[in-house]
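*Asks:* Please find the sequence and the predicted model below.
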Amino acid sequence: MALPAKLAPEKLYRTCNPEGFSFDTTAELDGPIKATGQERAFDAITFSMGIRHDGFNLFALGPNGTGKQTAIMHFLGNTAPDAAVPSDWCYVNNFEQPRHPKALKLPAGKASTLSRNMEHLVEALFTVLPAAFSSEEYQAQEKDIREKFQEQQAEAIEELEKKAAERQIALIRTPAGFAFAPQKQGEVIKPEEFMQLSKKERDSIEEEIEILKTAMQSIMAQIPKWQRETQEKIKELNRNIANFAVKPLISELKTSYELLEGVMAYLESVESDLVENFDQFLEREPDPRELLLGISPGKFSHRGASFNRYRVNVIVDNSKTKGAPVVYEDKPACQNLVGDIEHISQMGTLVTDFTLIKKGALHRANGGYLLIDARRLLMEPLAYEALKKALRTRQIHIESLAQLYSLVSTVSLEPEPIPLDIKVILLGERHLYYLLSVYDPDFSELFKVAADFEDELAGDSDGKLAYARIISSIAKKDNLHHFDRGAVARVIEHGSRLSGDSKKLTAHLQSICDLVHEAEYYAVSAKKDIVQAEDVQRAIDARTVRSSRIQEKIREATLKNSILIDTDSEKIGQINGLAIYSPGGQSFGHPGRITARVRLGKGEVIDIEREVEMGGPIHSKGVMILSGFLGARFAIDQPLSLSASLVFEQSYSGIEGDSASSAELYALLSALSGAPIHQCFAVTGSVNQFGEVQAIGGVNEKIEGFFDLCKARELSGKQGVLIPASNVDNLMLRQEVVEASRNGLFAIYPVTHVDEGIEILTGIPAGVADENGNYPSESINGMALARLGEMAEKLKKFNASLNDEEE
Amino acid sequence: MPERHTNKVIRHITVALDCSPHSIASLRAAAELARRMHADLTGIFVEDLNLLRMAELPFSREIRVYTQEPEKIETLQLERSLKMQARAAEEALQRIAGEFMVEYTFRVSRGMVPAEVIAAALEADLLVLGRSGRSPTCRKGLGSTARKAMAEGKKPLLLMRPGFSAKDGTVLVLYDGSEGSQQALNSALALLQPGIPLSVLILGQTPEKAEEMQRELMATTAIPATDIEYHHLPLKEGKTLARYIRMADSGLLVLSDRMNIPKESVHELVNSIDYPVLLV
C-alpha cells in the first residue's frame, strides 16, 4: 500500500495573491458593498418584504456579527423611501368616557398641525369666553333673571305682608325664617296685653295667623321651584352665550379638516364639551388653601387642566418621514414596543390622562419595518407575547405592565387600539429560530419567512472583492487609513482561516471589522499612511499573544515535564493526541498523551474517561466504534480474548468529541501488536468501523499546538502531524509552520485509513489479509492477530483448568 | 386728604348692623368715610323687641323655607340666635374696621329697632344705614328703619345699598338755591374724593333762573370749574326727577330735605330710587 506523502507547503496555506487585485489601495474602491454568497438570505428578504400579507414577517438567522442587520438595513434603505408615507396618529380626550381616549388618524404631518390648532383654540378661548361673560349684555341679562326671581319672591311676600297689616298682624323676620304676630301701632303686642284680650279676640287673632301661616307656607314651598327655574334660565343663558362665543372658532377649525371624518366628529364633541364646561375658562380666584400649602398647581392646575382636556397627544408624527419608516428597537421591552401609560405623582397619588400615553416602537414603525434582536426580545419579560399579540390582532393595544399584573392600583386608561400594518424583522442566532419553531406554535404562523445567512462566503474573486469593498467602507465610515492590496490579501487570508476552510471566507464581518481597526492602529503607530500586510500580520499576532496566557502555561508545564508529552522516542501503546481548548472565544490546540493497555479478558474496550464520567457521549461513541473495528478485523475466527483500557493521561476535566478516536485506535494497535509508536508524531481524526479516517474540526489550531511544543523543544525534522485527508482543504496554517514544512523540519500527513496511519507511526506496514484472512506475520495486523491467538489460547487453557478444579 | 368746604366736621360715625347685605355695604361705606374723615366708628346691633315679644305669644310659630311644618319659637333659642347674630355683626365690624384701619366700638341694645337706631345716632355726626334690613321682603324701597330714620332721625343720614362703595363712583347733588341744597353741596364736596366728577343738578323754575343759579355757584364755589358738571332740570316733581336720576345712573345722590321741594316729595324720591343716598 502506498503511503500518503507529506503535504507540500503550498497545501498548508492558500495564499491570496495581491497581484490579482485591480486596485492599489482600498481608497480607489467606491462601488456599493455587494455581499456575495448571501443570495439565499436576500431572496428571502425580498420575498418577505414584498408580500403584503399577514404573518409574512421575517426571521433573519445566522451567527452574530455576520452583518444581518447591515444587510437588511441596506436592503430597506433602497426600498423603504419609495413606499407611501404612513398616516399620523394621535390620542385625544374622549369626553363621554375619559378612561378610553380616542385614537385619531390623520394624513402625514397633519397631527402636529391639529395639535397646534387646538392649543391656539384653548388660548383663544381664555380671552373670548371671559370677554363674552363679562360683556354688559350678559351681565344685564343675568341680573335681569336674578332680579325677576327676587321680585317674584318679594311680591308674593309683600302681598301677604300687606294682607296681614290690614288685619293688624305683622310679618316678622326671625333669625331662621318668618313668623306672624299681632301688632299695635307698629309694635308687636306685649304678651301680657295679649292675654288680657278676650278669648274671642284671641281666638280670632290666632285664626287669622293660622290662615296667614298657611299662605306663607305655600309661598315658601314655591321658592325652591322658583330657584330651580332661575338656575335653569341662567344655565340656558350661559349655554347660549358660550355657544355663540365658541361656534365661530370651531367652525373655522372644521373647514381645515372637512374631509377627515374622525377629526370632524372630535371637533363636534369638543364644541359641545366647551359649551357645557365654559366656566373653566373664566378667571377664578386661586384656592387659598393651595396658596397656603405652597403647592404649585403645575400640570393639573385649573388652567393646565383645561389645556390638557383639549390637547392632542401626537403619537406618530410623520411630517418629516420619507417613505416607510425603518425602526431598529434596541431595547425591546414591552412598554418600548407597545407604548406605555405614564403617571404623575400629585400630592402623593398617581394620576394620569390621555396626554401621558407614550408611543412604542410599533407606533413608530407602523406602516413600515421594525427590526428587533430576537434574543433581547425574549429576555424582556412579556415583550415577545406583546409583540405576537399585536401582530396577531393587527392592532396596537397599550397596556401598562403594572396594570396588567395589578402591581399598582390607580386610575389608568384603556386607550383605543391603533390598527397595525407592519413588517417585523427578528434578528437572531440559528438555535433561537429552531427553538422557537419547535416550542412556540404561534411563531411559525407569524414569522413565515426565514432568511438564513451563511457563515461563510465563497473564497472566489467575487468574495475577495467583496472583502476589499467592506474594508474600504469601514475605512471610509470610521475615518481610517486605507489598506493597500497586500494588506487586503492578508485580511482575506485571515478571513479564510477564520472560516476554517481555505476555499471560503468567513461571513463573520465583525471579526474582519475588528481586524481592520486593529491593523490600522498598528499602521498609525508606525506612522504610515497606508495599512500594509505587515500591519495586518502584527494585529493577528498581537491578538494571539493577548490571549495566549493559558496556552503558554500549559506549554510551560509540558516543557518542565509536569505534563508528560514525549516528542522524541518510541513507545508501545502510547500516542500523542491533539485536543482543542477554547477559553473565552480564542481557541488553541495542545497535544495530550493517550495510552492503551491490554490484558486477558472478554473482548471489551474500557474507556476510563467514560467510567469516571469525564467523557462525553460522542467520545464514548468513538471508543465503542473502535471495539467494532477491532472485532471485525481480528475476531472473525476466534473470540476477542482481551480487555483493553484507554485513557487520556493527565486530563483533569471532561473530554468531548471523537477527534481522538483514530489516535486511540493507533495506541490500541500498538499495544496489541507490540510495535512501538514514534512519539515524534501527533494524531487527529475520527475513525469509523471500517477504519476510515474522518474529518474533524479545528485542524489548524491542533497542528499549531503540536508544532509550538516541538519548536520549543527544537524541531528534529522527524516531527509531524497526521490529519484526516478530508481536512486538507481546511488548512490555513501559520507562516511559521509552512516555513518549517518547506525546510523539511515539520510534516503534515493526510491519512485516509488507519492502516496508512499505523505504518507512518510505527514504520511497520499494516499488512493486507490474504484470501484466508491471514496477515503477513511481520505486519502490524499479523502481530496483533498472533498476539490475540496467544491470548485466546491462554484463556482457553485457563478456563479448562478452572473447569477441572471445579470438577 | 385736605378737607374742602366743611361746615361740620364729622368725628363720629354710627352704623347700624344686622348682617344683611345692605348692612355690610353700609359698614364698608362707613369705614371708608371714617378713614377719610379720621372719624371713629360705632357699630350698633339691636335685639328686636318685636321678636322677643312674639316669642312669648302662645301661638307663635316660625315658618322656614326648608322645613315642612312651622315650629314653635322658644325664647331661649331666640335669645341664643340673637346673640349669635350680634357676634357675627361684631366680627364683620372688626374685620372691616381692621381693613380700613379705623377705631371702632360695638354696642348691643334691645328695643324697637328704628327707635334704638335713631337714639344711638344722636351721639354721632353721621348715621349710616342699609336701605333695607333683614325685613321679610327683599323690597326695592326703603326698609322700615330707614324710613323712620329719614323721617324722624338726625341728619346727615347715609343710606347704602350693596353694589356701591363710597370710594368710587360719581356723585350727584340736587341744588335749587335753598339753604338745604347749599348744605348738601358742601357735604358732597367734603365727601368727594379728589378727581371724582361731581354732578350738580340745578332745579330751576325757568331755564334763566337755573343759569343764574349756576353763575352764582360758579362764583362762590372754590373748586375748579372743570371738576364740576352742571345740569339743568326745570321740573321739581318727584317722579320726573326720579326718572332723570335713574337715567343719569348717578351713583351717590346727595340732597337735603330742607329744599324748596316739599319734604314728603324728597322722602318719596329717596324711597323710589335704588341708589345710595346722603340726606343732609
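*Replies:* The structure has been received and is ready for your questions.
*Asks:* which stretches of the stretch 51-200 of chain B have low pLDDT?
*Replies:* Counting by pLDDT under 70, the stretch 51-200 of chain B contains low-confidence residues at B:68, B:133-141, B:163-169, B:192-196.
*Asks:* Do a quick rundown of the strands in it.
*Replies:* B:61-63, B:71-72, B:104-111, B:126-130, B:157-160, B:171-175, B:198-203 (DSSP state E, counting those that start in this stretch).
*Asks:* I'd guessed A:Glu206 sits against B:Phe59; true?
*Replies:* Yes. Counting by CB atoms under 8 Å, A:Glu206 does reach B:Phe59; the two are 4.9 Å apart. The C-beta positions use only the backbone N, C-alpha and C, and glycine is treated the same way.
*Asks:* Please identify which of the strands of the stretch 51-200 of chain B is closest to A:Arg430.
*Replies:* Among these, strand B:71-72 comes nearest to A:Arg430, with 92.1 Å by CB to CB.
*Asks:* and that closest one, which strands flank it?
*Replies:* Here strand B:71-72 has these sheet partners by DSSP bridges: strand B:61-63 (antiparallel).
*Asks:* CA-only coordinates of stretch A:509-517, as PDB, when you get a sec.
*Replies:* Backbone C-alpha positions of stretch A:509-517 (Å, rounded to 0.1, in the frame of the first residue of the first chain) are rendered in PDB as follows:
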ATOM      1  CA  LEU A 509     -17.800  40.500   9.400                       C
ATOM      2  CA  GLN A 510     -17.500  41.700  12.900                       C
ATOM      3  CA  SER A 511     -14.100  40.000  13.300                       C
ATOM      4  CA  ILE A 512     -13.000  41.400  10.000                       C
ATOM      5  CA  CYS A 513     -14.000  44.800  11.100                       C
ATOM      6  CA  ASP A 514     -12.100  44.400  14.400                       C
ATOM      7  CA  LEU A 515      -9.000  43.200  12.500                       C
ATOM      8  CA  VAL A 516      -9.200  46.200  10.200                       C
ATOM      9  CA  HIS A 517      -9.300  48.600  13.100                       C
END
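*Asks:* Just name the most buried of the strands of the stretch 51-200 of chain B.
*Replies:* Ranked by mean neighbour count under mean count of other CB atoms under 10 Å in any protein chain shown, those are led by strand B:126-130, which reaches a mean of 29.
*Asks:* hang on, the earlier thing: quick one: which of A:Glu206 and B:Phe59 has more around it?
*Replies:* B:Phe59 (18 against 14; other CB atoms under 10 Å in any protein chain shown).
*Asks:* Identify the residues contacting the more buried one.
*Replies:* Going by CB atoms under 8 Å, 6 or more residues apart in numbering or on different chains, B:Phe59 touches A:Glu206, A:Ile209.
*Asks:* ok, the closest residue to A:Ile344 other than its chain neighbours - how many residues close by?
*Replies:* With CB to CB, 6 or more residues apart in numbering or on different chains as the criterion, A:Ile344 has its nearest non-adjacent residue at 5.8 Å, and that residue is A:Val351. Neighbourhood size, A:Val351 [other CB under 10 Å]: 15.
*Asks:* Which of the helices or strands spans A:Ala108?
*Replies:* Using DSSP states H and E, A:Ala108 sits within no helix or strand.
*Asks:* how close does it get to A:Leu377?
*Replies:* 28 Å (CB to CB, to the nearest Å).
*Asks:* more neighbours, these two?
*Replies:* Taking other CB under 10 Å, A:Ala108 and A:Leu377 do not tie; A:Leu377 has more neighbours (23 against 17).
*Asks:* The more buried one - nearest residue in space that isn't next to it in sequence?
*Replies:* Closest to A:Leu377 by CB to CB, 6+ apart is A:Pro332, at 4.5 Å.
*Asks:* wait, is that neighbour part of a helix?
*Replies:* No. Using DSSP: H, G, I helix; E, B strand; the rest coil, the assignment for A:Pro332 is coil, not a helix.
*Asks:* Could you check how far it is from A:Ala365?
*Replies:* 12 Å.
*Asks:* For the most centrally placed residue in chain B, list each beta-bridge partner.
*Replies:* In chain B, the residue lying closest to the centroid (CA atoms, centre = their mean) is B:Leu159, at 1.5 Å. With DSSP bridges as the criterion, B:Leu159 is bridged to B:Leu129, B:Val277.
*Asks:* what does A:Glu329 give?
*Replies:* Beta-bridge partners, per DSSP bridges, of A:Glu329: A:Ile372.
*Asks:* Show the contacting residues for the residue nearest to A:Leu377.
*Replies:* A:Pro332 neighbours (CB under 8 Å, 6+ apart): A:Ala361, A:Ile372, A:Asp373, A:Arg376, A:Leu377, A:Glu380, A:Ala383, A:Leu387.
*Asks:* same for the particular helix or strand that has the last one in it, what does it pack against?
*Replies:* Remark: A:Leu387 resides in helix A:383-393, with elements defined by DSSP H and E. When contacts are defined as 3 or more CB pairs under 8 Å, 6 or more residues apart in numbering or on different chains; DSSP states H and E, helix A:383-393 packs onto helix A:334-338, helix A:374-379, helix A:441-446.
*Asks:* What pairs with whichever helix or strand comes after the shortest one, parallel or antiparallel?
*Replies:* Helices and strands here follow DSSP H and E; after helix A:334-338, the next one along the chain is strand A:340-341. Based on DSSP bridges, the strands next to strand A:340-341 in the sheet, each with its direction, are strand A:357-358 (antiparallel).
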